[in-house]
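Peer 1: My questions are about this predicted structure, shown below with the sequence.
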Amino acid sequence: MRNLDPPSSHGPLGRMPLAQFANPASPARRRSSSLKSCGDRVRLEFLILLNERVRLRLEPIRLSILTWPAVPRSVLRRVLRKLLEVICEMQIPVSFFFDVSIVIVSFNTRDLLRECLLSVFRTVGSLRVQVIVVDNASTDGSTAMVEQEFPDAVLIRSKVNLGFGRANNLGFQSARGRYVVLLNSDAFLTAGSLERSVAHMDANPQAGIAGGRLVGPDGSLQPSGRMFPTVLNDLIVLSGLAARFPRSRFFGRFDRTWADEREPAKVDWVPGAYSIIRAEALADVGHFDPRFFLYYEEVDLCRRVKQRGYSVWYWPDVTVVHIGGESSRQVPSLEISRAGAQLTLWRMRSMLLYYRKHHGLGARFAMLMEILWHWLQSQRRQLSRDPERRIRARADRILVSMMGRAWRDTRGGRLSPAQPW
């Protein structure tokens with residue numbers, strides 16, 4: 001067990017120049033072949049990631065540098081730049097300590113986290129796996145459980161709830177695998193799922209991110225490969241047309257419910273409950289955008305990955321059991337609970353941040369569409385004599401008010417409110 005304080009803001013996966021040169025056909029290598037650029041971005045910690053032959057050649061120099069009592073930063077930078085030029089000229093690929101680094105973010109989910117970790121250690125097979133647990137200031141004894149029952153896991157404690165994206169970013173900084181797997185604490189790996197994920201990524205060098213077939217505990221299929229949000233896609237889902245016509249290529253487009261779930265496919269994005277990310281791609285595009293506290297962070301990451309020339313895949317032979325399921329975009333039955341209202345407000349904030357970032361003025365159209373829809377629903381239901389429909393009408397009015405608040409909180413999607421939300 002290593003009990004880590006939060007690492008520096010630029011760990012090995014924060015900026016990993018060598019990984020971008022490991023695959024000659026990668027988009028990163030095509031975009032940059034400058035040895036000087038490679039050297040400029042090097043940090044001393046990357047030397048331990050080299051394969052044994054190179055590491056043995058450089059180890060005396062590295063140890064000598066570390067023993068110097070006072071080294072001007074400019075001198076150290078020139079020395080390291082020269083070392084990296086030699087490495088790049090040799091064109092020897094990076095050797096990672098692990099095949100996979102699994103990052104699990106937990107917030108007061110001790111019992112689920114235990115089952116999640118058991119599923120990981122049962123299914124690693126022949127892979128070299130690093131397990132990283134990032135605890136988001138839990139108060140239920142999660143950290144003590146991990147320390148006592150899973151001493152091989154890397155435990156990172158956060159003093160505050162960082163949300164999904166920032167907590168994973170913390171885990172990325174400690175990752176030493178050639179692939180990084182995101183796994184929710186309420187998601188459980190099945191036999192062979194991890195090995196198949198790695199095999200697929202190895203066979204598809206252009207795959208930047210991939211996901212598997214998410215199922216509930218009862219075996220029911222959950223959305224696993226999706227299209228990017230648009231105002232039209234949001235309206236189709238919000239109106240219920242997607243649920244009513246799931247086999248329609250038009251109405252079932254967002255969740256691809258028309259497609260054969262048994263067929264692999266290139267998709268726009270995969271849920272963060274389980275996804276495998278190429279370390280090279282993560283170093284290339286950067287980590288999760290810290291402005292997203294919860295929701296839309298994996299959508300944003302997949303979009304950036306695709307923009308950099310990588311592909312996003314859905315693989316049906318990788319099965320993961322996910323208890324959480326799909327968070328509904330519509331009002332739950334009858335009243336909105338306090339917790340439900342909070343999550344809905346977070347979803348609205350993140351939606352506006354995403355639309356402003358990737359669609360500019362589309363943020364305003366998305367806001368107006370959702371407000372208009374809920375207002376019309378509230379007016380229609382209020383006319384009913386059915387008490388249940390009147391309760392739903394009140395919930396619709398609350399949603400109209402919450403979207404207005406989310407618009408103000410984010411200044412129209414231009415900034416993220418102070419975190420934790």
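Peer 2: Nice, thanks for sending it over.

Peer 1: tell me which residues in stretch 142-156 are buried?
Peer 2: Ser142, Thr143, Met145, Val146, Phe150, Ala153, Val154, Leu155, Ile156 (16 or more other Cβ atoms under 10 Å). Just so you know, the C-beta spots here come from the backbone N, C-alpha and C atoms, and that holds for glycine as well.

Peer 1: Tell me the one among these nearest to Met348.
Peer 2: Using Cβ to Cβ, Ser142 is the member of the buried residues of stretch 142-156 that lies nearest Met348, at 28.7 Å.

Peer 1: re the thing from before, pick the one among the buried residues of stretch 142-156 closest to Ala395.
Peer 2: Of these, the one sitting nearest to Ala395 (Cβ to Cβ) turns out to be Ser142, at 33.1 Å.

Peer 1: pLDDT below threshold where in this protein?
Peer 2: 1-74, 76-77, 80-96, 325-339 (pLDDT under 70).

Peer 1: just the strands in it please.
Peer 2: Under the criterion DSSP state E, strands of the chain are mapped to 2-4, 98-106, 129-136, 154-158, 177-184, 187-189, 207-215, 265-266, 274-278, 311-322.

Peer 1: from those, which stretch is densest packed?
Peer 2: Looking across the strands of the chain with neighbours counted as mean count of other Cβ atoms under 10 Å, the highest average goes to strand 274-278: a mean of 27.

Peer 1: mind listing the helices for the stretch 51-200 of the chain?
Peer 2: 52-67, 73-90, 110-123, 142-149, 163-172, 193-203 (DSSP state H, counting those that start in this stretch).

Peer 1: Kindly format the C-alpha coordinates of the fourth one as CSV.
Peer 2: Spelled out, it's helix 142-149. Provided in CSV are the C-alpha atoms of helix 142-149 (Å, rounded to 0.1, in the frame of the first residue of the first chain):
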residue,chain,number,x,y,z
SER,A,142,-13.8,3.5,2.6
THR,A,143,-10.1,4.4,3.0
ALA,A,144,-9.6,2.1,6.0
MET,A,145,-11.2,-0.7,4.1
VAL,A,146,-8.9,-0.3,1.1
GLU,A,147,-5.8,-0.1,3.4
GLN,A,148,-6.7,-3.2,5.3
GLU,A,149,-8.2,-5.5,2.5
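
Peer 1: hang on, the earlier thing: may I see the buried residues of stretch 142-156 organised as JSON lines, with distance to Leu294 added?
Peer 2: Below are these laid out as JSON lines (distance: Cβ to Cβ, whole Å):
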{"residue": "Ser142", "distance to Leu294": "18"}
{"residue": "Thr143", "distance to Leu294": "21"}
{"residue": "Met145", "distance to Leu294": "24"}
{"residue": "Val146", "distance to Leu294": "22"}
{"residue": "Phe150", "distance to Leu294": "25"}
{"residue": "Ala153", "distance to Leu294": "24"}
{"residue": "Val154", "distance to Leu294": "23"}
{"residue": "Leu155", "distance to Leu294": "22"}
{"residue": "Ile156", "distance to Leu294": "19"}
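
Peer 1: Please report the number of neighbouring residues for the closest residue to Phe250 other than its chain neighbours.
Peer 2: Closest residue to Phe250 apart from its sequence neighbours, by Cβ to Cβ, 6 or more residues apart in numbering: Ile236 at 8.0 Å. Here the number of neighbours of Ile236 (other Cβ atoms under 10 Å) works out to 21.

Peer 1: ok, Ile236 to Phe228 distance?
Peer 2: Look at Ile236 and Phe228: by Cβ to Cβ, to the nearest Å, they are 13 Å apart.

Peer 1: next one: stretch 152-171 to chain centre, how far?
Peer 2: 13 Å (Cα atoms, centre = their mean, to the nearest Å).

Peer 1: export that stretch as PDB, just CAs?
Peer 2: C-alpha atoms of stretch 152-171 as PDB (Å, rounded to 0.1, in the frame of the first residue of the first chain):
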ATOM      1  CA  ASP A 152      -1.600  -3.700  -3.200                       C
ATOM      2  CA  ALA A 153      -3.800  -0.800  -4.300                       C
ATOM      3  CA  VAL A 154      -2.500   2.700  -4.500                       C
ATOM      4  CA  LEU A 155      -4.700   4.900  -2.300                       C
ATOM      5  CA  ILE A 156      -5.000   8.600  -2.900                       C
ATOM      6  CA  ARG A 157      -6.900  10.600  -0.400                       C
ATOM      7  CA  SER A 158      -8.500  13.900  -1.300                       C
ATOM      8  CA  LYS A 159      -9.500  16.300   1.500                       C
ATOM      9  CA  VAL A 160     -12.400  17.600  -0.500                       C
ATOM     10  CA  ASN A 161     -14.900  16.100  -3.000                       C
ATOM     11  CA  LEU A 162     -13.300  16.700  -6.400                       C
ATOM     12  CA  GLY A 163     -16.100  15.400  -8.500                       C
ATOM     13  CA  PHE A 164     -15.500  12.800 -11.200                       C
ATOM     14  CA  GLY A 165     -13.200  14.500 -13.600                       C
ATOM     15  CA  ARG A 166     -10.700  16.100 -11.200                       C
ATOM     16  CA  ALA A 167     -10.500  13.000  -9.000                       C
ATOM     17  CA  ASN A 168      -9.600  10.900 -12.100                       C
ATOM     18  CA  ASN A 169      -7.100  13.500 -13.100                       C
ATOM     19  CA  LEU A 170      -5.500  12.900  -9.700                       C
ATOM     20  CA  GLY A 171      -5.400   9.200 -10.400                       C
END
